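Undergrad: what follows is a predicted structure for the sequence shown.
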Amino acid sequence: MRELVSLRETSPARHLGEDTGAGEPAMLTDDAVQVCEVLAAARADDGQAELLSELRGRVWDGAHELLRQGTYYAMKRRSGAVGQLGLGPAIGLLAAHAPGIRVHLIGHSFGARLVSYALRGMPAGVRTVKSVTLLQGAFSHYAFADRLPHDRSRGGALRGVQRRIDGPLVSCHSRHDDALGRFYPLASKLAGDSTSFLNLWDRWGAVGYDGIRAVEGARRVRLGERLPATGCVSVDASSVVRRGGPPCGAHSDVCHEELARAVFAAGRIPSA
């Protein structure tokens with residue numbers, strides 16, 4: 001699996017998989033059997049998880065999840081590269097050739113990561129993007145933080161990019177998203193961070209599970225409430241993003257009129 005997700009030394013994507021600048025995830029560096037046991041426990045239904053010492057017979061369940069998480073990690077790096085090195089500069093070219101055009105970026109899961117990294121890749125001074133809406137974003141809830149709560153010497157990889165938007169950065173999140181609420185923190189935990197999983201979900205949580213964290217002035221509202229005209233805002237969409245079976249839960253349950261209205265509201269676009 002390590003070989004499957006490896007990149008050449010010259011690949012620009014090598015440095016676009018770290019939301020908080022702290023290295024590779026533990027699933028690529030820790031003992032493989034132990035990683036599989038932890039992922040097997042996470043795959044168990046709520047209330048049925050067994051002690052890790054009793055999971056030896058289910059290690060292949062964890063191996064399956066490890067492979068799936070490996071593909072997620074590869075997509076995570078790729079989405080950052082496509083956003084920063086592809087879409088961002090393309091928006092700059094569009095702004096130069098069509099002054100006054102209004103661009104609204106919308107992304108789901110790793111697509112949310114892609115459009116966020118596009119902001120970092122836009123040329124300085126471009127004000128073409130009028131809103132960004134993230135639906136169940138599959139990246140760190142600290143990505144936009146100026147200072148990380150657990151390490152004040154560092155910030156998130158996307159700190160300050162919201163100021164490149166001539167409008168709001170809206171993150172719709174749901175507590176029913178098991179892909180982000182259960183597996184993302186496990187896969188994101190870094191080697192050498194701790195031998196325990198204490199505060200795992202707080203430190204390695206996803207923006208699509210509990211919204212934007214550690215950003216001064218960020219707002220938190222419920223779906224349907226008025227959105228601010230600028231800055232970061234987390235929208236709790238748990239009331240509609242709630243359907244889906246294991247292992248991903250409601251991660252892809254994003255086709256709702258209420259979410260479409262949030263997109264229109266973020267872009268200040270009149271809707272019927």
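TA: Arrived safely, thanks for sending. Keep in mind the model is a prediction, meaning the values are calculated, not measured. Residues are numbered from 1 along each chain as shown.

Undergrad: list the buried residues in stretch 126-135.
TA: By neighbour count on 16 or more other CB atoms under 10 Å, the buried set for stretch 126-135 is Val126, Thr128, Val129, Lys130, Ser131, Val132, Thr133, Leu134, Leu135. Using the backbone N, CA and C atoms, a C-beta is placed for each residue, glycine as well.

Undergrad: select from those every entry located in helices.
TA: With helices taken from DSSP state H, there is no overlap with the buried residues of stretch 126-135.

Undergrad: need the max-distance pair from the residues you listed.
TA: Spatial extent of the buried residues of stretch 126-135 (CB to CB) is set by the pair Val126 and Leu135 at 23.6 Å.

Undergrad: TSV please, covering the buried residues of stretch 126-135 and showing distance to Cys172.
TA: What follows is those, written out as TSV (distance: CB to CB, whole Å):
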residue	distance to Cys172
Val126	25
Thr128	23
Val129	18
Lys130	18
Ser131	13
Val132	11
Thr133	7
Leu134	7
Leu135	5
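
Undergrad: which of these fall within strands?
TA: Val129, Lys130, Ser131, Val132, Thr133, Leu134, Leu135 (DSSP state E).

Undergrad: contact partners for Arg268?
TA: Residues in contact with Arg268 (CB atoms under 8 Å, 6 or more residues apart in numbering) are Lys130, Ser131, Gly167, Ala229.

Undergrad: columns pLDDT on top of these, output as JSON lines?
TA: Listed next are the contacts of Arg268 as JSON lines, based on pLDDT from 0 to 100:
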{"residue": "Lys130", "pLDDT": "98"}
{"residue": "Ser131", "pLDDT": "98"}
{"residue": "Gly167", "pLDDT": "97"}
{"residue": "Ala229", "pLDDT": "95"}
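
Undergrad: residue ranges with poor pLDDT in the stretch 151-272 of the chain?
TA: 189-201, 272 (pLDDT under 70).

Undergrad: break down it into its strands, ranges please.
TA: Per DSSP state E, counting those that start in this stretch, the stretch 151-272 of the chain carries strands over the ranges 168-173, 219-222, 231-236.

Undergrad: mind jotting down where the helices sit in this protein?
TA: So, for the chain - with DSSP H - the helices run 2-5, 32-43, 59-82, 88-97, 110-121, 178, 184-188, 200-203, 207-210, 257-266.

Undergrad: okay if I get these as a markdown table plus mean neighbour count and distance to Asp151?
TA: Compiled in a markdown table, the helices of the chain are given as follows (neighbours: other CB atoms under 10 Å; distance: least, CB to CB, whole Å):
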| stretch | mean neighbour count | distance to Asp151 |
| --- | --- | --- |
| helix 2-5 | 12 | 25 |
| helix 32-43 | 20 | 24 |
| helix 59-82 | 20 | 21 |
| helix 88-97 | 16 | 27 |
| helix 110-121 | 25 | 20 |
| helix 178 | 22 | 28 |
| helix 184-188 | 23 | 15 |
| helix 200-203 | 17 | 10 |
| helix 207-210 | 26 | 18 |
| helix 257-266 | 17 | 31 |
